[in-house]
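Asker: Structure for this input, please:
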Amino acid sequence: MIAYRGEKIKNAICYFAFEHFKRTGKYLSQTILYKFLAFLDFMSLKETGKPSLELEYKALERGPVPPEIYNNLKEFADTDCFQFFRSFTNAIVVVSKKEANLDYFSKYEVDLMNKLLDKYSISGVTQRVICKKINDDSHKIKAWEIAWNNKPNSLINYNDMFENLNNKSDNELSIQEENFLTYKGLKEISSCK
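Answerer: As a prediction, this is how the structure comes out:
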């Protein structure tokens, strides 16, 4: 993982954990965290043409899950920023150890994270209710729907956030689609090294 990208992911997790606890008085569950990360990536992709964290996601039954984190919890279990652990109810939760460094994020990204927190980190609402709502809402992510309907538990393709992307001429592309194709092309070039 590229160092800057890794720090950005780590600080996103830290921010969501810190703010969720501050707003609800409850630790952030692993399930809600994964949906926060997915919404941050897929919403920024749709609105700007680039996923904020650039994580890969699998289309699981409860919605998108980033295997880079889910399959490597031991690596992420205890950082200088946050800690994953099993709660007394046996759920995996994440606890922030300090405030996140928001210098890794644009104003747009911070605003988007706060919109997600405003929507899903509500004081007085049980984690079960929040989990159900955020899971249901994550099923509305177009790329998740396509992956789930084609092959459950497969990787989600960012291309699927855009309608007929490969069949459009240059003058038919939206700004977001142009940005995404540029982003995708640069990723392909950098992976050839």
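
Asker: how about this protein, which residue sits the furthest from its center?
Answerer: In the chain, the residue that sits farthest from the middle, by CA atoms, centre = their mean, is N171; the gap is 30.5 Å.

Asker: Just the pLDDT for that residue.
Answerer: The model reports N171 with a pLDDT of 93.

Asker: Roughly how far does it sit from E178?
Answerer: Using CB to CB, to the nearest Å, one gets 10 Å for the distance from N171 to E178. Just so you know, the C-beta spots here come from the backbone N, C-alpha and C atoms, and that holds for glycine as well.

Asker: do the same with D118
Answerer: Note on D118: its distance to E178, by CB to CB, is 30 Å.

Asker: which residues touch A3?
Answerer: Contact analysis of A3 by CB atoms under 8 Å, 6 or more residues apart in numbering lists nothing.

Asker: Check Q83 too.
Answerer: Q83 touches A77, V94, V95, K97, counting by CB under 8 Å, 6+ apart.

Asker: V95 now?
Answerer: A17, F21, Y27, L28, F82, Q83, F85.

Asker: repeat that for 6 Å
Answerer: Y27, Q83 (CB atoms under 6 Å, 6 or more residues apart in numbering).

Asker: Run through the bridge partners of it.
Answerer: Beta-bridge partners recorded for V95 (DSSP bridges): Q83.

Asker: Go ahead and name everything in contact with the lowest-mean-pLDDT helix or strand in the chain.
Answerer: None of the helices or strands of the chain scores lower by mean pLDDT, DSSP states H and E than helix 73-76, at a mean of 77. Residues outside helix 73-76 that contact it (CB under 6 Å, 6+ apart) are I69, F84.

Asker: which of the residues in that helix are buried?
Answerer: By 16 or more other CB atoms under 10 Å, the buried positions in helix 73-76 come out as F76.

Asker: Dump the C-alpha coordinates for that helix into CSV.
Answerer: What follows is helix 73-76, C-alpha atoms only, in CSV (Å, rounded to 0.1, in the frame of the first residue of the first chain):
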residue,chain,number,x,y,z
LEU,A,73,-7.8,-7.2,10.5
LYS,A,74,-4.7,-8.3,12.4
GLU,A,75,-2.6,-5.7,10.5
PHE,A,76,-5.2,-3.0,11.2
